[in-house]
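Asks: predicted coordinates and the sequence they were generated for:
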Amino acid sequence: MPLKLVLFVVPVVLCGWIIGWTNLPGPWYEALAKPSFNPPNWVFGPVWTLLYVIIGIVGWRVWERSRDQGLRVLWIVQLLLNYAWSPVFFGMQNVALALVVIGFLLAAIVAFTIRARRREPLSAAMFLPYLAWVSFATLLNAAIWRLN
C-alpha cells in the first residue's frame, strides 16, 4: 500500500472516529421520536468506518491522478461538511441545522460525483455508496426533524 494512500485514509478514518466518539447520541437522541426505518445504533459505526475508508481512497486518487482543482475543492468541502454534521446534530442537538448541513453535504457529494465522472470515473463510482448512505441519512434527519 503506497504511503500517500495511508496518509489519506488513516487521518480521514481517525477524524471520523474522534468526531463520533466526542458526539455520542446519548439520552437526548434516545428520547427523540424516530421513523420506522431508523436503523439500530450499532449499524452506524461500521457503515461510517467503511465510508471513511472509501472517502480517503477517493481523496488519494484525486490528488494522485487528477489536476482538477475544482474536484479537489469539492472533496475537501464534502469532508468538512461530513465532519460538521455530528457536532451539529448530536453536540448542539440542533436537528434543523443538521438538516441544512447534511443537505449541503449531499449537494457536495453529488457535485463531486458528477464532476469526477469524466475526470476520475472510478472515484465517481466509489462515491456511489457514500451518496446512497448520505441520501438515506438526509431522509432520516428530515424525518426526525418532522417528528420532533
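Replies: Received, thanks.
Asks: I'd guessed G103 sits against S135; true?
Replies: No - between G103 and S135 no contact is recorded; they are 10.9 Å apart, counting by Cβ atoms under 8 Å. C-beta here means a position set from N, CA and C on the backbone, and glycine is covered the same way.
Asks: give me the buried positions along the longest helix seen in the chain.
Replies: In the chain, assigned by DSSP state H, the helix with the most residues is helix 95-119. Residues of helix 95-119 classed as buried by neighbour count (16 or more other Cβ atoms under 10 Å): 95, 98-99, 101-102, 104-106, 108-113, 115-116.
Asks: how about residues contacting it?
Replies: Applying Cβ atoms under 8 Å, 6 or more residues apart in numbering, the contact partners of helix 95-119 are 32, 62, 66, 68, 70-71, 74-75, 77-78, 81-82, 84-85, 88-89, 92, 123-124, 127-128, 130-131, 134-135, 137-138, 141-142, 144-145, 148.
Asks: so of the residues you listed, which ones are in strands?
Replies: Using DSSP state E, no member of the contacts of helix 95-119 sits in strands.
Asks: select only the buried ones of those in PyMOL?
Replies: For the buried members of these, the matching PyMOL selection, counting by 16+ other Cβ under 10 Å, is:
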select buried, resi 62+66+71+74+75+77+78+81+82+84+85+88+89+123+124+127+130+134+137+138+141+142+144
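Asks: helices - which of the contacts of helix 95-119 land there?
Replies: Among the contacts of helix 95-119, the members falling in helices (DSSP H) are 62, 70-71, 74-75, 77-78, 81-82, 84-85, 123-124, 128, 130-131, 134-135, 137-138, 141-142, 144-145.
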